[in-house]
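Quick one, structure for this:
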Amino acid sequence: MTFLPNKLLLNVLACGLILTCPLHCEAKSSSDQKNWTEFTSQENGFSVELPTQPEHVEQTIDVPRTDLKIHYDTYISEPSDSVVYVISVWNYPSEIDMSKPEVNLQDGFGGMLSALPGSEVKSMQMTEEQDYKALDFLVKNDEIFFQGKLILVYNTLYQVFVVYKDSVDMKEDYEHFIDSFKLLQPEKRKLDSSNATKMNV
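Numbering: from 1, shown residues only. The predicted structure is shown next:
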């Protein structure tokens, strides 16, 4: 039985992300996740160390009540049946107002919680990642933890997180993963919005 159906069922809405998973897989130790390999995406502007080569999924969704589309790339590393590492990069069009990072990140976090009914927020705080606003979070949903951060770089939203069973000791591996994440030339994420009419979603 895999930890998450089809590796990971990811439905990210304009204001958040949805993750669903069965809760009856066997727990495994994360102690074998020591062979970290650096993965770099120049196109999406980041590098990170992962325990396995990630799978890459590209998707596009429509923004409700508009003609706009949002393109996103998701990278999934699943070293065991009990742990999944995810980096999802969302490129919002210039017409969408992302000029209030604290509000945008709070909205994204709220969307995530609404997609995980019954979740308990263990911790959540605004931080920074290379001078860009970020939101660190730890959420528990039944026997599953969702831990990571949301980072907003102009109109690009990075979702960097781990999903794991509560019986797995992830402290050391999570810190290695999250500390290894680096933004590459983030200034290139800035869009020309001089002629765009801003809207909220």
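
Show me where this protein has its strands.
9-13, 16-20, 37-41, 46-50, 55-62, 69-80, 83-91, 120-129, 132-141, 144-153, 156-165, 182-183 (DSSP state E).

Point out the other helices and strands that the longest helix along the chain packs with.
Counting residues, the longest helix found in the chain (DSSP state H) is helix 101-114. With contacts taken as 3 or more C-beta pairs under 8 Å, 6 or more residues apart in numbering; DSSP states H and E, helix 101-114 sits against strand 16-20, strand 120-129, strand 132-141, strand 144-153, strand 156-165. For glycine as for every other residue, the C-beta is placed from the backbone atoms N, C-alpha and C.

and the ones you listed, which one is worst for confidence?
Among the helices and strands packed on helix 101-114, strand 16-20 has the lowest mean pLDDT, at a mean of 35.

Contacts for stretch 124-139 next, please.
101-102, 105-106, 108-109, 112-113, 116, 119-123, 145-153, 161, 181-183, 186 (C-beta atoms under 8 Å, 6 or more residues apart in numbering).

Quick check: buried residues in it?
Buried residues in stretch 124-139, counted by 16 or more other C-beta atoms under 10 Å: E129, Y132, K133, A134, L135, D136, F137, L138, V139.

Same question for stretch 178-197.
For stretch 178-197, by 16+ other C-beta under 10 Å, it's I178, F181, L183, P186, R189, L191, S193.

Just the CA trace of stretch 179-193, in PDB.
Extracted in PDB, the C-alpha atoms of stretch 179-193 (Å, rounded to 0.1, in the frame of the first residue of the first chain):
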ATOM      1  CA  ASP A 179      17.900  24.200   5.100                       C
ATOM      2  CA  SER A 180      19.100  22.900   1.700                       C
ATOM      3  CA  PHE A 181      16.400  24.800  -0.200                       C
ATOM      4  CA  LYS A 182      17.800  27.800  -2.000                       C
ATOM      5  CA  LEU A 183      16.200  30.400  -4.300                       C
ATOM      6  CA  LEU A 184      18.300  30.900  -7.500                       C
ATOM      7  CA  GLN A 185      18.300  34.400  -9.000                       C
ATOM      8  CA  PRO A 186      14.900  35.300  -7.500                       C
ATOM      9  CA  GLU A 187      15.000  38.700  -9.000                       C
ATOM     10  CA  LYS A 188      14.200  37.100 -12.400                       C
ATOM     11  CA  ARG A 189      10.800  36.100 -11.000                       C
ATOM     12  CA  LYS A 190       9.600  39.700 -11.200                       C
ATOM     13  CA  LEU A 191       7.000  40.300 -13.800                       C
ATOM     14  CA  ASP A 192       6.300  43.400 -15.900                       C
ATOM     15  CA  SER A 193       3.000  44.500 -14.500                       C
END
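
So what touches it?
Looking at what lies outside stretch 179-193 - C-beta under 8 Å, 6+ apart - the contacts are 36, 38, 40, 42, 45-49, 87, 93-95, 129-130, 132, 151, 153-156, 158, 160.
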